[in-house]
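K.L.:
Got a predicted structure plus its sequence, pasted below:
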Amino acid sequence: MEVHVRDDGLERAIDAVGGVAQLARKIGISQPSVSNWSKVPAQRVVAVEAATGVSRNALRPDLYSEPLLSEQSIDPVDAARAQEYLLLAALLSAAPSRKLLDQLTALSGDATPLGRAHSELAAAAANAVAAKVEREYFDLFVGLGRGELLPYASYYLTGFLNERPLSRLRADLAALGIERAANNSEPEDHAAILCEIMAGFAAGRFPASFEAQRAFFDKHVGLWMGRLFADIERAESAVFYRAVGALGRAFIEIETEAFTFAN
């Protein structure tokens with residue numbers, strides 16, 4: 001009989017939510033999948049952080065302990081972009097923990113569309129009940145059989161899952177040297193994973209030229225993700241996530257414009 005010895009980060013995450021079954025439910029995967037983990041898979045770190053409140057540094061110190069770039073070498077705009085993408089990735093990966101909701105209440109805004117979206121998300125987080133948001137996430141993205149929305153590029157671009165857009169994405173990821181995480185069954189064209197990849201580009205975790213980043217965005221993100229966020233805004237199940245949809249839509253519009261008009 002194979003025994004899976006869990007590392008400290010995974011144990012902390014499981015303890016934070018009260019067991020393996022609870023963690024699996026919060027991030028929308030099967031209990032046996034989590035039971036088979038010895039550590040949190042790389043592409044599940046953001047989801048587990050969002051669902052448990054345990055930081056990514058604690059979950060996978062081998063991946064997140066040391067910054068890959070010095071503060072001086074990251075453009076402030078790119079650093080802000082990376083944080084925006086990581087926030088969206090967290091909220092699309094799993095229902096937010098009470099800790100994350102509390103952190104969101106501190107978001108400040110201004111008169112710009114993105115600033116207003118930040119303010120609306122802060123207000124939504126302040127009024128949110130974690131258990132209700134968890135149910136909302138389940139109804140939107142998991143469901144009994146399927147959720148109200150399917151946040152995958154293949155579905156939005158073809159009407160079906162696991163279609164040509166996914167195979168093209170996998171080829172482009174391989175060309176960029178970005179490998180699929182072991183023990184991760186989620187297709188790479190999930191919106192949360194694509195947001196994580198874009199955050200990696202912006203922060204320098206995944207080295208790529210500006211032209212390569214623009215081509216990736218145009219091909220795998222810009223064609224459909226704005227529509228997903230608009231659908232989240234008007235989804236029947238959305239309450240807290242209506243503000244998430246507004247933020248994502250505003251941010252993708254900014255990214256599209258920036259990549260279109262950049263020299």
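P.N.:
Looks like it came in fine. Predicted model only: the values in this text are computed from it and were never measured. Numbers count the residues shown, from 1 in each chain.
K.L.:
what mean pLDDT would you report for stretch 46-58?
P.N.:
Stretch 46-58 shows a mean pLDDT of 85.
K.L.:
now for it, what's the gap between its first and last residues?
P.N.:
End-to-end distance for stretch 46-58, by CA to CA, to the nearest Å: 12 Å.
K.L.:
So for that stretch, what gets flagged as buried?
P.N.:
Of the residues in stretch 46-58, 46-54, 56, 58 count as buried by neighbour count, 16 or more other CB atoms under 10 Å. Any C-beta I mention is one placed from the backbone N, CA and C, and that applies to glycine too.
K.L.:
What of stretch 195-212?
P.N.:
Across stretch 195-212, burial judged by 16+ other CB under 10 Å covers 195-206, 208.
K.L.:
if we can go back for a sec, nearest to K132 among the buried residues of stretch 46-58?
P.N.:
A51 (14.8 Å; CB to CB).
K.L.:
Tell me where the model's unsure across this protein.
P.N.:
Counting by pLDDT under 70, the chain contains low-confidence ranges at 1-4, 43, 64-72, 180-184, 263.
K.L.:
what residue is smack in the middle of it?
P.N.:
Centroid-nearest residue in the chain: A89, 1.4 Å away (criterion: CA atoms, centre = their mean).
K.L.:
Let me see the backbone angles for that one.
P.N.:
Per-residue torsions, A89: phi -60, psi -40 (degrees, to the nearest 10).
K.L.:
Who are the contact partners of it?
P.N.:
Applying CB atoms under 8 Å, 6 or more residues apart in numbering to A89 gives the contacts 46, 192-193, 195-196, 199.
K.L.:
switch to 6 Å and redo it
P.N.:
Applying CB atoms under 6 Å, 6 or more residues apart in numbering, we find A89 in contact with 46, 192, 195-196.
K.L.:
So which residues of the protein form strands?
P.N.:
Applying DSSP state E to the chain gives no strands.
K.L.:
Have a look at it and report its longest helix.
P.N.:
Ordering each helix of the chain by length in residues (DSSP state H) puts helix 240-261 first.
K.L.:
List the buried residues in that one.
P.N.:
Applying 16+ other CB under 10 Å to helix 240-261 flags 240-252, 255-256, 259 as buried.
K.L.:
Give me the neighbour count for L169.
P.N.:
21 (other CB atoms under 10 Å).
K.L.:
And it, how close does it get to D110?
P.N.:
35 Å (CB to CB, to the nearest Å).
K.L.:
same check, this time on A238
P.N.:
According to CB to CB, A238 and D110 sit 24 Å apart.
K.L.:
same question, R249
P.N.:
R249 is 17 Å from D110, by CB to CB.
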